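1. Got a predicted model here, sequence first, then my questions.
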Amino acid sequence: MDQVRISMEKLAIFGGEPVRDTRIFYGRQDIEDDDIEAVVNVLKGNLITCGPAVDALEKQLARITGAKYAVAVSNGTAALHIAALAAGFGPGDEVIVSSITFAASSNCVLYCGATPVFADIRRDTYNIDPESIRSLITPKTKGIVAVDFTGQSVEMEEIRQIAKEHNLVLIEDAAHAIGTKYKGSPVGSNADMTCFSFHPVKTVTSGEGGAVTTNDEATYRKLLRLRSHGITRNQEEMVHPSDALWYNEQVELGFNYRMTDFQAALLSSQLRKLPRFSARRRDIVKKYDEAFLKLPEIIVQREIPESDTTRHLYIIRLDLSKLTCDRRQFFDALYAENTCPQVHYLPVYWHSYYEKLGYKKGLCPEAESFYKEVMSIPLYPAMTDADVEDVIHAVTKVVEYYRA
Ligand SMILES: *Cc1c(COP(=O)(O)O)cnc(C)c1O
């Protein structure tokens, strides 16, 4: 009821009928009958966690990403946490992180007792700016967490070069980027470790879920231990090796970050559809780009030619000099048209928790002006062509209303 009332109030901005009479949101999962069947089949079997579906998923993820190893975990944040620990981040270390991202990209650095240092973004691609990374390096810098924001790959060659020069561990937060390639090489095999999320708004889902991929065997072993309490059954990793069948040994402090087999089965089924999902997302992005390039008030995200992108988010950026509204008014007006946007993201260090840690406004000027001008509009494979037309119609209607 509340929601309906809010919507009616907002409609008063324009009067008249909204572009559509049902709400559409920026993202949603696409679960089909065969996905459900895959889950049910596991639930009818013997092992519903730590079983064969997780093994099969990890092999499939390694194949798709071109990485040697994949470790499935309970969510994307857990993936980032164990990756940051496997990187060896700890108290006294600085880790350079994208400023425009979900807080988890930076929280994983805090979990390890290390200090996040925020890098600015490029004005046109919205991804982390390699020049900003360079300018922030100190003798304490230990690593980089680079986020493939909206699904577009970061400038991997430049960032890898910086990491090599300064002996830094490079973690790619690819929560948005399953299915993307950089110079033909799938995301997942381009950094020291790559972290994925399979939350329902992401391109493929396991409900909750995540994974880390790597090409390094020692890192892989460490990730496996951290996922499961720091306990190993591998004698080579034990301080007191024993071949007794019952024996396992906790050799470090880990967690329970395991994924269940029914989640793994759901994700395996979803991953088989990744080419279709990617193609549909691309198709919608193309339609949006064509429509919005015609509107001088809307700035379209630049794609670097090296990234062959499966887009997770479609961001419209307002040229506020050409509009009589601010971002808030534009957002509310789109909402009143039942085209419900979201904002990705607040600069991480603007969160009050980070403010309390001592981070000040003004650190990353490009990220801060980006935040004031953007919103993400609906993008997911199950959208119909009519949905896409509605969104274009709604954005155009609001632009025309507020045109300066
Ligand atoms: C979704 C997301 C995460 C966290 O993933 P969860 O599975 O929700 O824990 C981390 N980083 C980015 C950029 C994300 O979008």
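-> Sure thing, it's come through. Residues are numbered from 1 along each chain as shown.
2. Please count neighbours and contacts with C-alpha atoms only from this point.
-> OK.
3. all strands for the stretch 151-300 of the chain, in order.
-> 169-173, 181-182, 185-186, 193-197, 210-214, 231-232, 249-250, 298-299 (DSSP state E, counting those that start in this stretch).
4. which of the ones you listed sits most buried?
-> By mean neighbour count, with neighbours taken as mean count of other CA atoms under 10 Å, strand 193-197 ranks first of those at a mean of 31.
5. can you list contacts of it?
-> Residues outside strand 193-197 that contact it (CA atoms under 8 Å, 6 or more residues apart in numbering) are 75-77, 79-80, 83, 170-178, 187-188, 208-215.
6. Need the CA coordinates for it. PDB is fine.
-> Coordinates of each C-alpha in strand 193-197 appear next as PDB, following Å, rounded to 0.1, in the frame of the first residue of the first chain:
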ATOM      1  CA  MET A 193      42.800 -14.200  -8.300                       C
ATOM      2  CA  THR A 194      39.400 -13.400  -9.700                       C
ATOM      3  CA  CYS A 195      36.300 -13.200  -7.500                       C
ATOM      4  CA  PHE A 196      32.700 -13.800  -8.700                       C
ATOM      5  CA  SER A 197      29.300 -13.300  -7.200                       C
END
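7. The ligand contacts on the stretch 1-150 of the chain?
-> Those residues of the stretch 1-150 of the chain that sit near the ligand, judged by CA under 6 Å from any ligand atom, are 75-77, 101-102, 104-105.
8. Most neighbours of all those residues, which one?
-> Of all these, the most densely surrounded is S105 (28 neighbours; neighbours counted as other CA atoms under 10 Å).
9. And stretch 133-141, end to end?
-> Using CA to CA, to the nearest Å, the gap from the first to the last residue of stretch 133-141 comes to 10 Å.
10. For that stretch, the averaged confidence score.
-> Rounded to a whole number, the mean pLDDT of stretch 133-141 is 98.
11. which residues in this structure form helices?
-> Taking DSSP state H as the criterion, the chain contains helices spanning 2-11, 33-43, 52-65, 76-86, 104-111, 130-136, 156-166, 217-227, 261-271, 274-293, 327-336, 352-357, 365-371, 385-402.
12. contacts for the fourth one?
-> Translated: helix 76-86. Residues lying outside helix 76-86 but in contact with it, judged by CA under 8 Å, 6+ apart, are 73, 104-105, 108-109, 111-112, 171, 173, 175, 193, 195-199, 209-212, 219, 222-223, 226-227, 257.
13. Also stretch 238-246?
-> For stretch 238-246, the external contacting residues (CA under 8 Å, 6+ apart) are 232, 235, 249, 251.
14. How about stretch 254-263?
-> Identification of contacts with stretch 254-263 by CA under 8 Å, 6+ apart yields 38-40, 42-43, 47-54, 72-75, 78, 206-209, 225-231.
15. which of these are buried?
-> Burial of those was assessed by neighbour count (16 or more other CA atoms under 10 Å); the buried members are 38-39, 42, 48-49, 51, 53-54, 72-75, 78, 206-209, 225-231.
16. Tell me which residues touch G209, please.
-> G209 makes contacts with 72-76, 197-199, 259, 263, as judged by CA under 8 Å, 6+ apart.
17. Reformat those residues as TSV; add pLDDT.
-> Putting those into TSV (pLDDT from 0 to 100) gives the following:
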residue	pLDDT
A72	98
V73	98
S74	98
N75	98
G76	98
S197	98
F198	98
H199	97
M259	98
Q263	98
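18. what about A264, neighbour count?
-> Counted with other CA under 10 Å, the burial measure for A264 works out to 32 neighbours.
19. farthest residue from the center of the protein?
-> With distances taken from the mean C-alpha point of the chain and given as CA atoms, centre = their mean, the most distant residue is A244, at 42.5 Å.
20. and the closest residue to the ligand within the stretch 151-300 of the chain, bridged to which residues?
-> Nearest residue of the stretch 151-300 of the chain to the ligand (CA to the nearest ligand atom) works out as S197 at 4.2 Å. When bridges are called by DSSP bridges, S197 pairs up with G210.
21. quick one: it from I36, how far?
-> Using CA to CA, we find S197 at a distance of 20 Å from I36.
22. Can you narrow the contacts of stretch 238-246 down to the ones near the ligand?
-> Near the ligand, judged by CA under 6 Å from any ligand atom, there are no entries from the contacts of stretch 238-246.
23. can I get the residues you listed in TSV with pLDDT?
-> Rendered in TSV, the data for the contacts of stretch 238-246 read as follows (pLDDT from 0 to 100):
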residue	pLDDT
T232	97
Q235	96
E249	97
V251	98
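24. I'm done for today, thanks for sticking with me.
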